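Q: Generate coordinates for the sequence data below:
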Amino acid sequence: MSWQDDPVASGAPSGADPLDFSNRYNTRLSPQQEQAFQAWSQKLGPHGSSYDYDMRGAFAAGAGQAANGHFPDTFKKPNHPTFSDQSQYNGVDGYQGGSWGKQADGSWTFTPSASTLRLHSPEDLQSYFSQVEPGNKLILPAQSQSGGWQSDPVVHSTPIRTDYGSPVAHADPNSATPVSSEIGAMLENLRAGAGKYFVDLGRGIGQKLGMVNYQDIAEARARDAPLMATTAGRVGNIGAGVITTAPAMAIPGANTVAGAAAIGGITGALQPAASTREAITNPVLGAAVGAGAQYVGQKIGQYASNRLAARAADQAEQTSTNSARDAVLEEGRRAGYVVPPTEVNPSATATALESVSGKDATKQAAQAINQKVTNKLVATDLGLPPTQPITQEALAQVRQQAGQVYQEVKQAGTIATDSQYLTDLTKITNASDEVAKAFPGATTPAADKINTLVDSLSQDQFSAAQALEYTKRLRQQASANFSLAARSADPEARALAQAQSQGADALEEMIGRHLETQGNPELLQAFQDARTTIAKSYQAQAALKGGNVNAQRLAQQLQKGKPMSDGFGLVARFADHFGEATKLPKGGVGVSKLAATVGGSGIVAGLLTGNVPLAAASAVGTVTPYAVRQGILSGAGQRVLATPNYAPNALGTLALKGLQQAPNVALPLGLQAPRLAQGNQ
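A: Have a look, this model is predicted:
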């Protein structure tokens, strides 16, 4: 809505009251609102005049009237004797309002503006205050040097009208309720709207008892129209209706369509009616809306429940599916491993930060960090200092030191082979035997070599020294064949290497059982520890690339069934789940040439021209990606950003839980619709 002037009457015709602004500064209303306003203003009598007050604006805003008839300053027109800076027309068309001031004794003072003094003489204002503002004080500004106020003699010849009881209250010296505050007016209308619901309920019951007639209801609606034209009034009225109706949902069967129809019919019947037609349609409409609202509410509630159940099931499935990976992630994080956050938790925050950091740069930085962790874990498992470079020579030294216990084992005498040893040898030939059974005549050079190997191992007894020496030879041959298979992808070499490795395992396990039967647990434990260390040294050697251990090579060995424990096991498992993050780094984290050029140029240009903000902004732009990268790969950044989260979107869950309550609120809400449609709002 907006205020408007009547284009014809905006200027007073000759002989007319020049202070009559009845057709000026009026809020524009819709035809429906104008009709309601006319009914409302007529009931106000003289207080409904628009001579110097925008009554339409007060009506549209739902402004309250105090017991003394005063309305707020908000809608005073420029011709009002106490037109103030609180009016919405203050400053419009050059009219400036005066000001109110509150005194210690609770009374008020009013200082008129120059605009007001051009329209009203001091004598007229004094007279007005004595009649309309008793107890309050008029403060006139000092007279001009010419000895009087600059005034319009034509206008001042017209005395101030006080006969129409203009609603002239200002911010509030005489008003019981300070309605000039928009918040205060809103709260007042909210309260009044809620109260109207209960009054209407009483009217409806009174109508059923013959105490209220149709005309009474029609007049009440006309009186209440201004209140219910405000948003706050309607909200208060509807809210009271919902709160009053809600307890009915506790009635057995109320949450069914039939029960809701019954409650809706009863509620509709209790609504006041302004005609016979309404008296008939109220319960029918109430029953129909009650049933429909409950039906729709049940459907919405069921949909929400199904969606919540599906989301919970999806969360449980993802948690279960990724449980092994997430356990490795947590174990690896404790060891110092990191991952780009979006690899495990592609949240909006993580995605945005990685975009700033640079996805490729973040991955490269993670690889560099993880390589140090891998080398440290492997070195520690082998008994090397954590920071010692892992080389072929270092691994040979590890084997030599661990093999010292073998000298003592060589003195363990003659070993008689047992049934378990023969079973282990049989397993070596199973693979080639299965192929031969399925495809008679399908022999390979590797199969012949494997059979020869097994024949050489098939002895009833041998000395511990001979067994250790043959084990050492088989390990060396297996290592050579594994390397050949890796270079040439030769399946024959791989099959033979696996058989040789299994043969060495069978011999060492036979030696261990022999030591156990001799009752020498200390030597047995030392032998087993040495076996583990030497085996790990060969695993590390097979994965060695330059001075780094290739974690993905260890993961491949794990996938082939090679036993992995301690730090080796963690490296292999972590690389198995997070391959990209554990690749061998190809170099340092790259720097964007464009970013470096633009940033460097900005810094230099800023320094040369003395433009410190430019230099500072360029420096910040250059270092920001690095700083963000460091942050998301730090311990805190990993805990916050790289922790898997399978919970559904929180806002979506909250919304669905709200919709889940639809069956409980649909009826109380729905029953307000008939009242709005029938005018009992």
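
Q: Relative to L651, how far out is G658?
A: For G658, the distance to L651 under the criterion C-beta to C-beta, to the nearest Å works out to 11 Å. (C-beta placed from N, C-alpha, C; glycine too.)

Q: More neighbours: which of these two?
A: A count of neighbours by other C-beta atoms under 10 Å puts G658 above the other of G658 and L651, at 11 against 8.

Q: which residues are contacting the host helix or strand of the more buried one?
A: Mapping G658 onto the secondary structure by DSSP states H and E places it in helix 650-660. Outside of helix 650-660, the residues within contact range by C-beta atoms under 8 Å, 6 or more residues apart in numbering are I300, G301, Y303, A304, S305, R307, L308, R311, A647.

Q: Generate a ChimeraX selection restricted to the buried subset of the residues you listed.
A: Buried members of these, defined by 16 or more other C-beta atoms under 10 Å, are picked up in ChimeraX with:
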select :300,301,304,307,308,311
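
Q: could the contacts of helix 650-660 be laid out in TSV, adding pLDDT?
A: Supplementary listing: the contacts of helix 650-660 in TSV, determined by pLDDT from 0 to 100:
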residue	pLDDT
I300	94
G301	91
Y303	94
A304	92
S305	94
R307	94
L308	92
R311	92
A647	89
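
Q: so which of the contacts of helix 650-660 would you say is closest to T27?
A: When these are compared for distance to T27, the smallest value, 40.2 Å, is given by I300; criterion: C-beta to C-beta.

Q: How much space separates that closest one from Y646?
A: Taking C-beta to C-beta as the measure, I300 falls 26 Å from Y646.

Q: mind listing the helices in the stretch 201-350 of the chain by residue range?
A: Read by DSSP state H, counting those that start in this stretch, the stretch 201-350 of the chain holds these helices, from start to end of the chain: 214-228, 231-245, 257-269, 276-321, 323-335, 348-357.

Q: most tightly surrounded among the ones you listed?
A: Neighbour counts (mean count of other C-beta atoms under 10 Å) averaged over each of the helices of the stretch 201-350 of the chain peak at helix 257-269, with a mean of 21.

Q: For this structure, which segments are assigned as strands?
A: In the chain, the segments counted as strands under DSSP state E are 3-4, 26-27, 99-102, 108-111, 137-138, 414-416, 461-463, 544-545, 548-549.

Q: Return the list of helices and strands in contact with the second one.
A: Using 3 or more C-beta pairs under 8 Å, 6 or more residues apart in numbering; DSSP states H and E as the contact test, the elements touching strand 26-27 are strand 3-4, helix 55-61.

Q: Name every strand pairing with it and say which way it goes.
A: For strand 26-27, sheet partners with direction are given as strand 3-4 (antiparallel), following DSSP bridges.

Q: Leaving aside the residues adjacent along the chain, what's closest to P340?
A: Ranked by C-beta to C-beta, 6 or more residues apart in numbering and with sequence neighbours excluded, the top spatial neighbour of P340 is T362, at 4.9 Å.

Q: Kindly report the same for K449.
A: L496 (5.5 Å).

Q: list the contacts for the one you found?
A: So, once contact is read as C-beta under 8 Å, 6+ apart, L496 ends up touching A446, K449, I450, L453, N481.

Q: let's see 7 Å
A: With contacts taken as C-beta atoms under 7 Å, 6 or more residues apart in numbering, L496 has the following neighbours: A446, K449, I450, N481.

Q: do N345 as well
A: N345 neighbours (C-beta under 7 Å, 6+ apart): L641, A642, T643, P644, N645.

Q: Repeat the analysis, applying 6 Å as the threshold.
A: When contacts are counted by C-beta atoms under 6 Å, 6 or more residues apart in numbering, N345 is found next to A642, P644, N645.

Q: roughly how far apart are it and Q397?
A: 43 Å.

Q: now swap in L554 and tell me
A: Distance check for L554 against Q397: by C-beta to C-beta, it reads 20 Å.

Q: Pick out whichever of the two has more residues nearby.
A: Just comparing L554 and Q397: by other C-beta under 10 Å the higher neighbour count belongs to L554, 29 against 15.

Q: Check that one and give its pLDDT.
A: If you check L554, the pLDDT there is 91.

Q: My read is that it contacts F574, right?
A: No: using C-beta atoms under 6 Å, L554 is not in contact with F574; the gap is 9.5 Å.

Q: joint contacts of the two?
A: By C-beta under 6 Å, 6+ apart, L554 and F574 have no common neighbours.

Q: coming back round to it: any chance of the contacts of helix 650-660 in a markdown table, with distance to T374 too?
A: Formatted as a markdown table, the entries for the contacts of helix 650-660 read as follows, by distance: C-beta to C-beta, whole Å:
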| residue | distance to T374 |
| --- | --- |
| I300 | 54 |
| G301 | 54 |
| Y303 | 50 |
| A304 | 48 |
| S305 | 48 |
| R307 | 44 |
| L308 | 43 |
| R311 | 38 |
| A647 | 32 |
